[in-house]
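[1] Sharing a model that was predicted from the sequence below.
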2 protein chains.
Amino acid sequence: MCWRRHHPSGQEQSSSTVLLSGFVSRTKILPDGKKQITQIHLPGDFVDLQSFSLKVLDHDIVGLSDCDLALVSHSALRHITEAHPHLTRVYWFLTNVDAAANREWEVWLGQRSALAWVASLFCELNIRLGLVGLKDDGGFDLPLTQTDLADCLGLTSVHVNRTLRELRERSLVTFRAGRVAIQDWEGLRSIAEYDPTYLYLDRRADR
Amino acid sequence: MCWRRHHPSGQEQSSSTVLLSGFVSRTKILPDGKKQITQIHLPGDFVDLQSFSLKVLDHDIVGLSDCDLALVSHSALRHITEAHPHLTRVYWFLTNVDAAANREWEVWLGQRSALAWVASLFCELNIRLGLVGLKDDGGFDLPLTQTDLADCLGLTSVHVNRTLRELRERSLVTFRAGRVAIQDWEGLRSIAEYDPTYLYLDRRADR
DNA sequence: CGTAACTTTGAAATAGCTCAAAAATTGTGG
DNA sequence: CCACAATTTTTGAGCTATTTCAAAGTTACG
């Protein structure tokens, strides 16, 4: 399956989605048309596990690139979780890790400069893509436009552009043609003051 | 029990906390001392249910007033959830509702003006306090300082002060001496463009 | 009644926004 | 493979919401 369409909020869902390839965002759209991306999902992510519990989504699922999805029906999820309580705890854990990332983004949205926020986002994506084997020495592919990035960061695309220029001029990272090329990982990490604790990387391995 | 202290992040937890009276926040503190409150909890809230799953908190639990807490040990939670799978789903649902609020705050932090954000926060608290019988016709008690509010909104306390003045001058709401007095609920709601969908009020009732 | 915490105000600085246009890139059909 | 349209990126100039810094009021409280 392959799309770049809205999965609308406010509608009863009967299945959840696992992302197999490509990128999708969870996006909230305001009455005036402004958008906020609350999370970017990578291959391997359970994109809307929460709809199993909430049934109705409070946001849209928007494809950022072509992607392959697997649908898991809620009735299947119910059977799985009833038969294997252990898996219920695993899914619940995933929900919690997801929420931890939302909290971290709140901090970035509220407290950080544009430069630090962009740097942080690239740090997070670099680490998460590394977990699923989608980064290489030089960086990673990220098929977003600067406008997508702006919707994610709570900034204007104009300002994102200028911020990217600054990161480039400081020889930290270059974002061009859907690719993030990291020139100075330590420098990037340091300007972002990036601390991946909230990703619970060690505890994920337990599961 | 009664405190106004930090419940530190980064430490192994063996119990979760239910708030019986008073207000607590979940707060993330940056290296430079800046703070972001990612959620305000009211009586009745399961404050750190996620520590049952994550074990280590990614943020601090900070009392905003004197409060009474009930501790539920993780071993007790494990027994409860093993004996009653239905309750596991309830807890998981609560985790999801919690996360939905974090996402909504991301939108507010990223996209809204100071005026609309303050108004939105008051709208949310008014509704949530109403659910637990802690609001009256005129408004509700909120024992926070303007600095607390600033940490929550991602603004300076100076700017929060000026924004509160504007809301007061527009005869929408007055925040003084730990009390939010709502003069014009419809006006407040409208300037906030407040939509409580993300609170999943209807679905909570099912449980 | 004195001290600490909190609120209010003013003035100047700035990060990020808006508007508008030009340049570059990407995609498409012929 | 080219030409053209659409999308995306880049830049400039002026503007505004919010911050910073600093000081004066006010309130709470031991």
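    Received, thanks.

[2] got a list of what the closest residue to residue A:57 other than its chain neighbours touches?
    In space, and not counting its chain neighbours, residue A:57 is closest to residue A:9: 4.7 Å by Cβ to Cβ, 6 or more residues apart in numbering or on different chains. Glycine gets a C-beta too; all of them are placed from N, C-alpha and C. Counting by Cβ atoms under 8 Å, 6 or more residues apart in numbering or on different chains, residue A:9 touches A:28, A:56, A:57, A:58, A:59, A:60.

[3] how close does the residue nearest to the spatial centre of chain A get to DNA strand C?
    Nearest to the mean C-alpha position of chain A, by Cα atoms, centre = their mean, lies residue A:40 at 2.0 Å. Relative to DNA strand C, residue A:40 is positioned 19 Å away (criterion: Cβ to the nearest atom of the strand, to the nearest Å).

[4] and chain A, which of its residues are near DNA strand D?
    Chain A comes close to DNA strand D at residues A:145, A:146, A:147, A:157, A:158, A:161, A:162, A:164, A:165, A:176, as judged by Cβ under 7 Å from any atom of the strand.

[5] re the thing from before, now the buried members of the contacts of residue A:9.
    Buried by 16 or more other Cβ atoms under 10 Å in any protein chain shown: A:28, A:57, A:58, A:59, A:60, out of these.

[6] okay if I get these as a markdown table plus distance to DNA strand C, secondary structure and pLDDT?
    Listed next are the buried ones among the contacts of residue A:9 as a markdown table, based on distance: Cβ to the nearest atom of the strand, whole Å; DSSP: H, G, I helix; E, B strand; the rest coil; pLDDT from 0 to 100:
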| residue | distance to DNA strand C | secondary structure | pLDDT |
| --- | --- | --- | --- |
| A:28 | 16 | strand | 96 |
| A:57 | 26 | coil | 93 |
| A:58 | 23 | coil | 94 |
| A:59 | 20 | coil | 95 |
| A:60 | 21 | strand | 94 |
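
[7] Now flag whichever of these is closest to DNA strand D.
    residue A:60 (17.1 Å; Cβ to the nearest atom of the strand).

[8] That closest one contacts residue A:27, doesn't it?
    Yes: using Cβ atoms under 8 Å, residue A:60 makes contact with residue A:27 at a distance of 5.0 Å.

[9] Could I get the buried residue list for stretch A:129-136?
    Buried residues in stretch A:129-136, defined by neighbour count with 16+ other Cβ under 10 Å: A:129, A:134, A:135.

[10] Just give me the closest of those to DNA strand D.
    residue A:129 (18.5 Å).

[11] so the closest one sits in a helix?
    Yes: assessed by DSSP: H, G, I helix; E, B strand; the rest coil, residue A:129 belongs to a helix.

[12] Give the residue spans of chain A that score low on pLDDT.
    Residue ranges of chain A with pLDDT under 70: A:1-8, A:205-207.

[13] Can you name the two of the contacts of residue A:9 that sit furthest apart?
    A:28 and A:56 (13.9 Å; Cβ to Cβ).

[14] what packs against the strand or helix carrying residue A:186?
    Under the criterion of DSSP states H and E, residue A:186 resides in helix A:185-192. Secondary-structure packing of helix A:185-192 (3 or more Cβ pairs under 8 Å, 6 or more residues apart in numbering or on different chains; DSSP states H and E): helix A:114-131.

[15] So the helix it packs on, near chain B or not?
    No: for a cut-off given as Cβ under 8 Å from any Cβ of the partner chain, helix A:114-131 has no contacts with chain B; the smallest distance is 9.9 Å.

[16] Next, the buried residues of that helix.
    Under the neighbour-count criterion of 16+ other Cβ under 10 Å, helix A:114-131 has A:114-126, A:128-129 buried.

[17] The residue sitting furthest away from the middle of chain A and residue A:55, how far apart?
    Distance from the centre of chain A peaks at residue A:83, with 30.3 Å (Cα atoms, centre = their mean). Distance of residue A:83 to residue A:55, given as Cβ to Cβ, to the nearest Å: 21 Å.

[18] Just want the angle from the longest helix along chain A to helix A:185-192.
    Using DSSP state H to define each element, chain A has its longest helix at helix A:85-111. Helix A:85-111 runs at 70 degrees relative to helix A:185-192, counting by axes from the mean of the first three to the mean of the last three Cα atoms, to 10 degrees.
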